[in-house]
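1. Got a predicted model here, sequence first, then my questions.
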Amino acid sequence: MLVLKNISKTFNHNTPYENKVFSHLSFKVNEGDFITIVGGNGAGKSTLLNIISGAIQADSGRIILNGKDISKVPEYKRAVFIGRVFQDPMLGTSPSMTIEENLSLALSRSNNISLKWGLNINKQKLFKSYLSNIPLGLEKRLKTKVSLLSGGQRQALTLIMATMKKPDILLLDEHTASLDPKTALLVNNMTEEIIKKNKITTLMVTHNLEHALKMGNRLIMMHNGRIIMDIKGEEKAAMDIPQLLDKFEQTQGEKFANDRVMLAR
């Protein structure tokens, strides 16, 4: 359902800081895939999500989503059918607005409905039903400004907002990396439940190799702008962290070096 064809991207062309991230990168994502993406610093993981979402334009190549070429579609139009949660809990919500106002905007983002008309009793009941599924007490704080929430609460809210209308594809860019271990586990469990229940095709960047192996049905490892490993099914289920690192070393002839990587929760 998602195809990237010959994607190339270079930053700072013709300068001393020129950085070629991708050169003719191609890969396919099947409908219903939950792909975890790992790799060292500078491998191109976040740039990949930025290109898919439209936050960054590729220099060349095509992006096909559900048979439609979206390569030139601007980011704000892609946001209608692409959900995204960032690493920074401060992104993805409006801090000066209340929880219910943020949820109302997320619910009506593709219907051109104003905030004034978007809030009503029925929607408040709907919001409470969404929020009551997570043990953070947010269903009792609909009129609380988002700026008063903790990082974990904001990230959980952002995840709900990104998936309320079941996007064609969900992009998670290290969305638990800045959370404490207990809250990260809660948000990860919430992530798996939402994705499984709604059958949302998902790409998740993570530096936690345990999460990468445990979550999803497919794992991609990137290195220097290339996909060097793509494992799925029984092979992924049977692999542990030492085997994953050994496979990287066998493939690249070097050790996996990354000061941010996490080997366990």
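-> Sure, I can see it.
2. For stretch 145-158, which outside residues touch it?
-> 85-86, 89-99, 102-103, 134, 136, 138, 175-176, 178-180, 183-184, 186-187, 190 (C-beta atoms under 8 Å, 6 or more residues apart in numbering). Every C-beta, even on glycine, is put in place using the N, C-alpha and C of the backbone.
3. Okay, now it: how far is its last residue from its first?
-> Its first and final residues considered, stretch 145-158 spans 14 Å by C-alpha to C-alpha, to the nearest Å.
4. ditto for stretch 218-227
-> Stretch 218-227 has its terminal residues 13 Å apart, counting by C-alpha to C-alpha.
5. Please point out which parts of that stretch sit buried.
-> Judged by neighbour count (16 or more other C-beta atoms under 10 Å), stretch 218-227 contains these buried residues: 218, 219, 220, 221, 222, 223, 225, 226, 227.
6. Then stretch 136-149?
-> Within stretch 136-149, the residues that qualify as buried by neighbour count (16+ other C-beta under 10 Å) are 136, 138, 139, 141, 142, 146, 149.
7. Equivalent analysis for stretch 186-199, please.
-> Buried residues in stretch 186-199, counted by 16+ other C-beta under 10 Å: 186, 187, 188, 190, 191, 194, 195.
8. same check, this time on stretch 35-47
-> By neighbour count, with 16+ other C-beta under 10 Å as the criterion, the buried positions of stretch 35-47 are 35, 36, 37, 38, 39, 40, 43, 44, 45, 46, 47.
9. who are the neighbours in contact with the fourth one?
-> Contacts here follow C-beta under 8 Å, 6+ apart; on that basis residue 38 touches 45, 205, 206, 207, 209, 212, 219, 220, 221, 222, 261.
10. Keep only those of the residues you listed that are in strands.
-> Secondary structure assignment (DSSP state E) places 205, 219, 220, 221, 222 from those within strands.
11. was I right about the third one contacting residue 227?
-> Yes. With contact defined as C-beta atoms under 8 Å, residue 220 counts as touching residue 227 (5.5 Å).
12. overlap in contacts of the two?
-> Looking at what touches both residue 220 and residue 227 (by C-beta under 8 Å, 6+ apart), the common residues are residue 27.
13. Farthest pair within the buried residues of stretch 218-227?
-> The two members of those with the most space between them (C-beta to C-beta) are 218 and 225, at 19.5 Å.
14. Give me the residue at the spatial middle of this structure.
-> residue 172 (1.2 Å; C-alpha atoms, centre = their mean).
15. For the closest residue to it other than its chain neighbours, the count of nearby residues, please.
-> Closest residue to residue 172 apart from its sequence neighbours, by C-beta to C-beta, 6 or more residues apart in numbering: residue 204 at 4.1 Å. The tally of other residues near residue 204 (other C-beta atoms under 10 Å) stands at 27.
16. pLDDT at residue 204, what is it?
-> The predicted local distance difference test score for residue 204 is 98.
17. What residues are bridge-paired with it?
-> Beta-bridge partners recorded for residue 204 (DSSP bridges): residue 36, residue 172.
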